[in-house]
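Colleague: Output the structure for:
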Amino acid sequence: MKTFTFLLLWVPAFCFSQNTNTDEVQKQLDSLLEQSAKLITKKKLDEAKPVLQTAEDQCRTTFGDTHVVLGKIEYYRGLISEYEGQPDNAEESYLESLKIYEQTIGKNSLDYAKTLNSLGVLKISQGKYDESERYYLAALPIVEAASGKENPYYGKILNNLGNLYRKTGNYTKAKNYYLEALEIKRAAVGEDHFDFAIVLESLANFYLETSDFQQAEKLYRQTLGIKAKTVGKEDENYAKSLNNLGILYVKMANFEEALPLLEEATAIWERTLGADHPNCAMGYCNLGLIYEELGDYYQAEPLLLKAKEVWEKTLGKSHLNVGLMLTNLGSSYQKIGNIEKAERSYLQALEVKEKAVGTAHPDYLRAMSGLASVYASQGQYQRGEPLLLQICETWEKTMGNDNLDYARSLNELASNYVALGQYGKAQPIYIKAKSIEETVLGEKHPTYAALLQGMANMYEQEKQYKEAEELYLRAESILAESLGTQHQSFASLENQLAHCYLMQGKAEQAVPLLLAAAQTEKLLLKKASTHLSESELVNYIHTFDQTQDWIYSLCEDHPELAEASFDNTLYYKGFLMGALVGIRRLSKDNPESAKLFRQYRYLGRLLAAEYAKPIVEREGVDSLEEEANLLEKELARSVSQYGEAVRQVGWEDVRQKLGEGEAALEFLAYDHFSAKAATDGRLYAALLLRPDSQQPLFVSLFEENKLDALLKNGQDGRPDFVNSLYAQNSLYDLIWKPLEQELAGVKTIYFSTSGTLHRLNLNALPTPDGNTLADRYQLVRLNSTRQLAVPQKASFEGQEALLFGGIQFDLDTTSIIARPDHFEMVATATRGALDFDLADPADRSGQWSFLQWTAVEASSLQFILEESGATASVISGPAATEETFKKIGVGGSSPRVLHLATHGFFFPDPQSEVRDQVGFGSGNEPVFKLSDNPMIRSGLVLAGGNYAWKNGKPFRPGMEDGILTAYEISQMDLSNTELVVLSACETGLGDIQGNEGVYGLQRAFKIAGAKYLIMSLWQVPDFQTQELMTAFYLNWLEEKMAVPDAFRAAQQAMREKYKNPFLWAGFVLVE
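Modeller: Sure, this is the predicted structure:
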């Protein structure tokens, strides 16, 4: 939003004498104009209008219809109309002001120049940059002639010209004007003046946009210092600088620093201007966007909607800011897969922006591009075609046919035609874009190389491999020289070139390219982990899936690739959990370590910005890298386990830890590639390693659709189905039979699952001889076999145990007492979503039922724990709140044992079709069902949770809602917890993110630091659950068995007692 700085207004002396009455009127007019200026500055527009009308009436009565004051009144009315989102009315008022000035004080007056400047500002907001430039350039010589270049207002116009050229991408001109304006302000008012801070902030914005974060931060902080002294820390302008600094930190993914700054800025605006002020709307908008970046749509959406509401109320529903807000909402809805709302928001944004700034404005084109991307995400490229055509035509009309924005839009249009298979249409458009980029950028620029890649991809799809290869090689040469070979763009190109070779049957040329790309991508990921947010990393890590898929696909014909495959698997599987979030948790151990890590991430962001530039444009990379390396070494010294968390582990390291009769098994799920024939898509394989292996062995297993057919599309949690599934040999034949001959003599297998295998208990797989795999092997389930080579925490402080059970899910105890059926101790009662499916239809409004056996379970386990010498506490009833749980580990060590006997939940990805299968059909769906973040769609229900579950919000603002999400758990410190038992239903489920693992409660507790985790795969019966848990604790504490042995023995005892696998195989142990 534009900020207008109102200078002290003055009325020139005229060359005729005035009587006392006119002098008095003149003073009154001056006072009214000054009052109007102050009201407009505070955006109290409705109050300013009658003041201006009073001034106009007095002026016309006393001085007639031609007077300089009338010019000022029209000028202020122009400002009001501009603030209200009425650019046509604003322009009309400004032009009328110019006309009056011309008739009264002439074209060479400062007031005339100021109005020209305001017209320039208006035209920038309309995207009419040529007109804006003409107005600014017309104003400059007037100010120079009237008062010289040293006049502060001359510097103000130069600053505005800088803003214009920054917006049009002419960064050299922009910087020069900013620097000249800064010198003028420095000489005229000094470095401690508010006006100097305004230009300084513009220069900071320039550095932010050009990714010079270090300079931007320096100038923002200098600006804050000046404003603190000149206007104070409670001033709206000080808040503006806090806001801008916060945005810088958002760009750097430094959310810990950004959030409090944005919150403070918004709070100042609320206190000084009121919550319904447009500036507050900007604060709400930015806060919403930062929560969106964090994947917390529960907090993001209401803030974005609030911003929209305030702007509609204060500026009108047709204001540009409302259109921008609708664009943001469209993007937000698109990210969570709510395509219907996304499309509606973009369409509304286009309607608003058309009224506000017209169809030629860049912001209108951005909304149109967003709408086209919505259609593209749904494969509806034909619907996007007319939009992309209009974008191209508009850029050409407004900016000319030698503009980079026009070339970029042509590129997008050509890519759309390639997606439609309309290569004949795509080719001439690519050629046109290529000609523009050759002229503007030259033939050695990385942007030009990217266009060549797009063209090469088109030729490859047309099977014109010779032409494609030629363009890929040209692009390769350009990128190697301009960006270097350790850049993501270069790795991506190598993958594309490798694909081209594979399609021609030239695997020998493709393999070295893929291996080199894989090494580069691992390096890039390690660097990215120092500065990207977790949500950004989730998306970033998936950009490397293709390389791994192609390498896995070649393993059968090229056994030598098994080594690289195992190493890549060790690196990628659980990378975010082990090497990123773990580091952040460890760095919380002390304030100094946390400070070091923040600085390390800051440097990482600076380096990322430099790496993104062509080599010749990079500045200070060597010194930044040296500083980052020193900080990393300091972190390794000061933060326990940091070095192990980031250490790369190879297959030889794992092999070295295997003893006689042991094996390591890494399951893989990958999209199979074959140039010769199509497959059913996603395949499973295993990488097997024994202590005497010369290299890992790649074993192809099965196609995913065959496993899905056995699991019958997610119905694997039903009792009859589970019993049937684990009673036949189908699973064994599919998963284990291909491995059988390679496991001769093996007794202990350390394994890590992948994909849909996460939903199975391999111990329970039946073997042809009528037993199970657990009878044949000791199976040790790990997140990654990397854990064998990286030392795990061996000792834990204290003997404290904390048990949650018998939890009251209603806020009022009378509501439970009124439903005695929920207290009945029925052995067939289950925990989790099954309660909803089997309960009376009247209960399907979303009430979690009381689990009486969990109270018995917690009580009996407390006795066993205390008998073994532990200090055991049971938290139950209404006391088992989310607030209580979140206090664990705060200000001290977490308990050694944490046992949670309650309901668990998991909702599938809202972007997938399975969302319709969940049994909660109300229109007021809570965020933990619809969030794009899988760690929010999985969790545990604690005391009072029924209210929020049903209403989508806590009982009152500021209190916890009783729905403990996996994301919230992941932010805790449970590093002293040896064992977490999730005695709840489906706690092992979550979104399966390829080989990265399950995003759910399992991941959350491992991130928080727990060593062992016992969790469930389906809706386990309440009675048998407490029976299994009691047996496990007796084995562990009284028989002194190790945790894995105690769990295995308890499950074996349950198996001997109960024939049906549904009753004994639902829990698994992960370490």
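
Colleague: end to end, how far does stretch 529-539 reach?
Modeller: The straight-line separation of the ends of stretch 529-539 (Cα to Cα, to the nearest Å) is 12 Å.

Colleague: next one: stretch 419-427
Modeller: Using Cα to Cα, the end-to-end distance of stretch 419-427 comes to 13 Å.

Colleague: who touches that stretch?
Modeller: Applying Cβ atoms under 8 Å, 6 or more residues apart in numbering, the contact partners of stretch 419-427 are 376, 381-382, 385, 414-415, 417-418, 455, 458, 461-462. Glycine gets a C-beta too; all of them are placed from N, C-alpha and C.

Colleague: For that stretch, buried residues please.
Modeller: Under the neighbour-count criterion of 16 or more other Cβ atoms under 10 Å, stretch 419-427 has 423, 425-427 buried.

Colleague: Tell me the one of these nearest Tyr284?
Modeller: Proximity of those to Tyr284 (Cβ to Cβ) peaks at Ala426, which lies at 42.1 Å.

Colleague: Where does the closest one sit, in terms of helix or strand?
Modeller: Using DSSP states H and E, Ala426 sits in helix 423-440.

Colleague: likewise Ala594?
Modeller: Using DSSP H and E, Ala594 maps to helix 591-611.

Colleague: circling back to that earlier point, so which of the buried residues of stretch 419-427 comes closest to Arg271?
Modeller: Ala426 (55.4 Å).

Colleague: and the gap between that closest one and Lys466?
Modeller: According to Cβ to Cβ, to the nearest Å, Ala426 and Lys466 sit 18 Å apart.

Colleague: What segments of the stretch 951-1071 of the chain are strands?
Modeller: With strands called from DSSP state E, counting those that start in this stretch, the stretch 951-1071 of the chain shows them at 963-965, 979-982, 990-992, 998-1000, 1012-1016, 1067-1070.

Colleague: helices or strands up against whatever helix or strand comes next after the helix holding Ala426?
Modeller: Going down the chain from helix 423-440, the next helix or strand is helix 446-461, by DSSP H and E. Applying 3 or more Cβ pairs under 8 Å, 6 or more residues apart in numbering; DSSP states H and E, one finds that helix 446-461 contacts helix 404-419, helix 423-440, helix 465-482, helix 488-503.

Colleague: Next, format the buried residues of stretch 419-427 as CSV and append distance to Tyr75 and pLDDT.
Modeller: Output for the buried residues of stretch 419-427, formatted as CSV (distance: Cβ to Cβ, whole Å; pLDDT from 0 to 100):
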residue, distance to Tyr75, pLDDT
Tyr423, 56, 94
Lys425, 51, 95
Ala426, 51, 94
Gln427, 53, 95
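
Colleague: now the residues you listed in a markdown table, with distance to His193?
Modeller: Shown next, in a markdown table, are those (distance: Cβ to Cβ, whole Å):
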| residue | distance to His193 |
| --- | --- |
| Tyr423 | 61 |
| Lys425 | 58 |
| Ala426 | 56 |
| Gln427 | 58 |
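
Colleague: what's the closest of the strands of the stretch 951-1071 of the chain to Leu942?
Modeller: Nearest to Leu942 among these is strand 963-965; the distance by Cβ to Cβ comes to 5.4 Å.

Colleague: which residues touch the closest one?
Modeller: Applying Cβ under 8 Å, 6+ apart, the external contacts of strand 963-965 come out as 882, 885, 926, 928, 935-942, 945, 948-949.

Colleague: 6 Å instead, please
Modeller: Outside strand 963-965, the residues that touch it by Cβ atoms under 6 Å, 6 or more residues apart in numbering are 882, 928, 936, 939-940, 942, 945, 948.

Colleague: Equivalent analysis for stretch 879-895, please.
Modeller: The contact list for stretch 879-895 (Cβ under 6 Å, 6+ apart) reads 797, 800-802, 804, 807, 942-943, 960, 962, 964, 972-974, 976-977.

Colleague: Which positions within that stretch qualify as buried?
Modeller: Quick answer for stretch 879-895 (16+ other Cβ under 10 Å): 880-882, 885-886, 888-889, 893-895.

Colleague: mind listing the helices in the stretch 201-350 of the chain by residue range?
Modeller: Taking DSSP state H, counting those that start in this stretch as the criterion, the stretch 201-350 of the chain contains helices spanning 213-230, 236-251, 255-273, 278-293, 297-315, 320-335, 339-357.

Colleague: To Phe63, which of those lies closest?
Modeller: Proximity to Phe63 (Cβ to Cβ) singles out helix 297-315 among the helices of the stretch 201-350 of the chain, at 33.6 Å.

Colleague: just to revisit the earlier point, right, and the strands of the stretch 951-1071 of the chain - which one's nearest Lys44?
Modeller: Lys44 lies closest to strand 963-965 among those, at 42.3 Å (Cβ to Cβ).

Colleague: Each with direction, which strands does the closest one pair with?
Modeller: If you go by DSSP bridges, strand 963-965 pairs up with strand 938-941 (antiparallel).

Colleague: Now do the partner strand: distance to the chain's middle.
Modeller: Put simply, strand 938-941 sits 22 Å off its chain's centre (Cα atoms, centre = their mean, to the nearest Å).

Colleague: what sits up against it?
Modeller: 848, 902-904, 906, 963-966, 990, 1000-1001.

Colleague: Check stretch 113-127 too.
Modeller: Contact with stretch 113-127 is made by 75, 82, 87, 90, 94, 97-98, 131-132, 135-136, 138-139, 142-143, 157, 164, 357, 361-362, as judged by Cβ under 6 Å, 6+ apart.

Colleague: so where is the stretch 51-200 of the chain shaky, pLDDT-wise?
Modeller: Scanning the stretch 51-200 of the chain for pLDDT under 70 picks out no residues.

Colleague: cool, the stretch 451-600 of the chain as well?
Modeller: Across the stretch 451-600 of the chain, the ranges flagged by pLDDT under 70 are 530-537, 574-591.

Colleague: Check for me that Leu779 belongs to a strand.
Modeller: Yes. Assignment of Leu779 by DSSP: H, G, I helix; E, B strand; the rest coil places it within a strand.

Colleague: Do you know the pLDDT at it?
Modeller: Looking at Leu779, its pLDDT stands at 93.

Colleague: So what pairs up with it in the strands?
Modeller: For Leu779, the beta-bridge partners under DSSP bridges are Ile749.

Colleague: Surely it is in contact with Ala764?
Modeller: No. The pair Leu779 / Ala764 is not scored as a contact, 10.2 Å apart, by Cβ atoms under 6 Å.

Colleague: coming back round to it: go through the strands of the stretch 951-1071 of the chain and name the closest to Glu560.
Modeller: Closest approach to Glu560 among the strands of the stretch 951-1071 of the chain (Cβ to Cβ): strand 990-992, 29.6 Å.

Colleague: pLDDT score for the residue nearest to Leu658 when sequence neighbours are not counted?
Modeller: With Cβ to Cβ, 6 or more residues apart in numbering as the criterion, Leu658 has its nearest non-adjacent residue at 4.2 Å, and that residue is Pro691. Per-residue pLDDT puts Pro691 at 96.

Colleague: on that earlier part again, quick one, which of the contacts of stretch 419-427 are buried?
Modeller: Among the contacts of stretch 419-427, those classed as buried by neighbour count (16+ other Cβ under 10 Å) are 376, 381, 385, 414-415, 417-418, 455, 458, 462.

Colleague: of all these, which comes closest to Leu497?
Modeller: Distance to Leu497 across the buried ones among the contacts of stretch 419-427 (Cβ to Cβ) is lowest for Met455, with 13.6 Å.

Colleague: Contacts only, for that closest one.
Modeller: Counting by Cβ under 6 Å, 6+ apart, Met455 touches 430, 471.

Colleague: rerun at 10 Å
Modeller: 411, 414, 418, 426-427, 430-431, 433-434, 467-468, 471-472, 474-475 (Cβ atoms under 10 Å, 6 or more residues apart in numbering).

Colleague: For ChimeraX, write the select line for the buried members of those.
Modeller: Remark: buried members of the contacts of Met455, expressed as a ChimeraX selection using 16+ other Cβ under 10 Å:
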select :411,414,418,426,427,430,433,434,468,471,472,474,475
